[in-house]
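In: Here's my sequence, what's the structure:
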Amino acid sequence: MIKQNRVLIIEEDEAIIRLYKRMVENNTKEQIHIKVLNDVESIDNFIEDFDITEKEKYSLVLSEIEIKGTDITKKLEKIKLLLRNTHLYVLSNNITIERLKSCLKFGADDWIEKPVTNEEFDKIMYNSLFKGYYYEKRIEDLKNEIINLDVNNKIEYYKIKNQILNLLWEFPSNPIGHFLLADLYNRTDKKELAKKHYNAANVLENDD
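Out: Here you go, the predicted structure:
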């Protein structure tokens, strides 16, 4: 069920770190390696010393947006570039609209306000560590989110788009990701992009 086996936690509060560890471990019987970065120096070291061969082993990043009073939005963007296929959630009360827009643009899945509820954490797990198992539900949820999208809500647009792009990374030969992107672009009046992805989906669907 779980293709990868590492979770990265970026948080300075020891009580919250223990909580996240317990919630991850309680959600799966599989062995999960959890790495913690609790200050700016450890974040910088992680980025500088990152072993590219390790990138596919990370399933999930759980991160604050401020560490020791420092805005780490730019550092999270660098981490997302290193872990391009990994789900990243910002768990923080220190978010602003500008920070949120930046995070969603570079590929963060979502921002969740602390304290994180059990239901919210379950959703994080199902979208990341258990993503293959819940494949059909993810597709159905995305279809509904596209249908119900307020086209003027840029934040929701980026959230849906990032979820679809994650799906494309996971299943590149499956046409469904392109069909969903085409539907999203069509919904937001990006006709040329919609046509491009409809064509890509049809090619994959008809490929023997």
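In: Could you use CA atoms for every contact and neighbour count after this?
Out: Will do.
In: Parallel or antiparallel, list what pairs with the one helix or strand residue 61 maps to.
Out: Using DSSP states H and E, residue 61 sits in strand 58-63. Here strand 58-63 is paired, per DSSP bridges, with strand 6-10 (parallel), strand 87-91 (parallel).
In: how about the ones you listed in a markdown table, adding mean pLDDT and mean neighbour count?
Out: A markdown table is the format used below for the strands paired with strand 58-63 (pLDDT from 0 to 100; neighbours: other CA atoms under 10 Å):
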| stretch | mean pLDDT | mean neighbour count |
| --- | --- | --- |
| strand 6-10 | 95 | 22 |
| strand 87-91 | 95 | 24 |
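In: is it possible to export those strands to CSV including distance to residue 18?
Out: As requested, the strands paired with strand 58-63 are exported to CSV (distance: least, CA to CA, whole Å):
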stretch, distance to residue 18
strand 6-10, 10
strand 87-91, 14
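In: out of those, nearest to residue 38?
Out: Of all the strands paired with strand 58-63, it is strand 6-10 that lies closest to residue 38, at 5.8 Å by CA to CA.
In: picking that back up, what's the next secondary structure element after the strand holding residue 61?
Out: Once strand 58-63 ends, the next helix or strand along the chain (criterion: DSSP H and E) is strand 66-67.
In: So what are the sheet partners of that next one and their directions?
Out: Applying DSSP bridges, strand 66-67 is found paired with strand 70-71 (antiparallel).
In: so which of the strands paired with strand 58-63 gets nearest residue 50?
Out: strand 6-10 (12.7 Å).
In: Using PDB, write out every CA atom in the closest one.
Out: Listed next in PDB are the C-alpha coordinates belonging to strand 6-10 (Å, rounded to 0.1, in the frame of the first residue of the first chain):
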ATOM      1  CA  ARG A   6       9.800   8.600   5.000                       C
ATOM      2  CA  VAL A   7       8.000  11.600   6.500                       C
ATOM      3  CA  LEU A   8       9.700  14.900   7.000                       C
ATOM      4  CA  ILE A   9       8.500  17.100   9.900                       C
ATOM      5  CA  ILE A  10       9.600  20.800  10.000                       C
END
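In: Now tell me what touches that strand from outside.
Out: Strand 6-10 has contacts (CA atoms under 8 Å, 6 or more residues apart in numbering) with 17, 20, 32-38, 43, 57-64.
In: Quick one: buried ones out of those?
Out: Burial by neighbour count, 16 or more other CA atoms under 10 Å: within those this picks out 17, 20, 32, 34, 36-38, 43, 58-64.
In: Now residue 100: closest residue in space, sequence neighbours ignored.
Out: Distance criterion CA to CA, 6 or more residues apart in numbering; nearest residue to residue 100, sequence neighbours excluded, is residue 111 at 7.2 Å.
In: ok, residues contacting the host helix or strand of that neighbour?
Out: Using DSSP H and E, residue 111 sits in strand 110-112. Residues from elsewhere that reach strand 110-112 (CA under 8 Å, 6+ apart): 88-92, 100, 104, 120, 159.
In: try it again with 6 Å
Out: With contact meaning CA atoms under 6 Å, 6 or more residues apart in numbering, strand 110-112 is reached by 89-91.
In: Paired strands for that strand, with orientation please.
Out: The strands that strand 110-112 pairs with in its sheet are strand 87-91 (parallel) (by DSSP bridges).
In: List the contacts of the strand it pairs with.
Out: The contact list for strand 87-91 (CA under 6 Å, 6+ apart) reads 60-64, 108-113, 128.
In: Perfect, that will be all.
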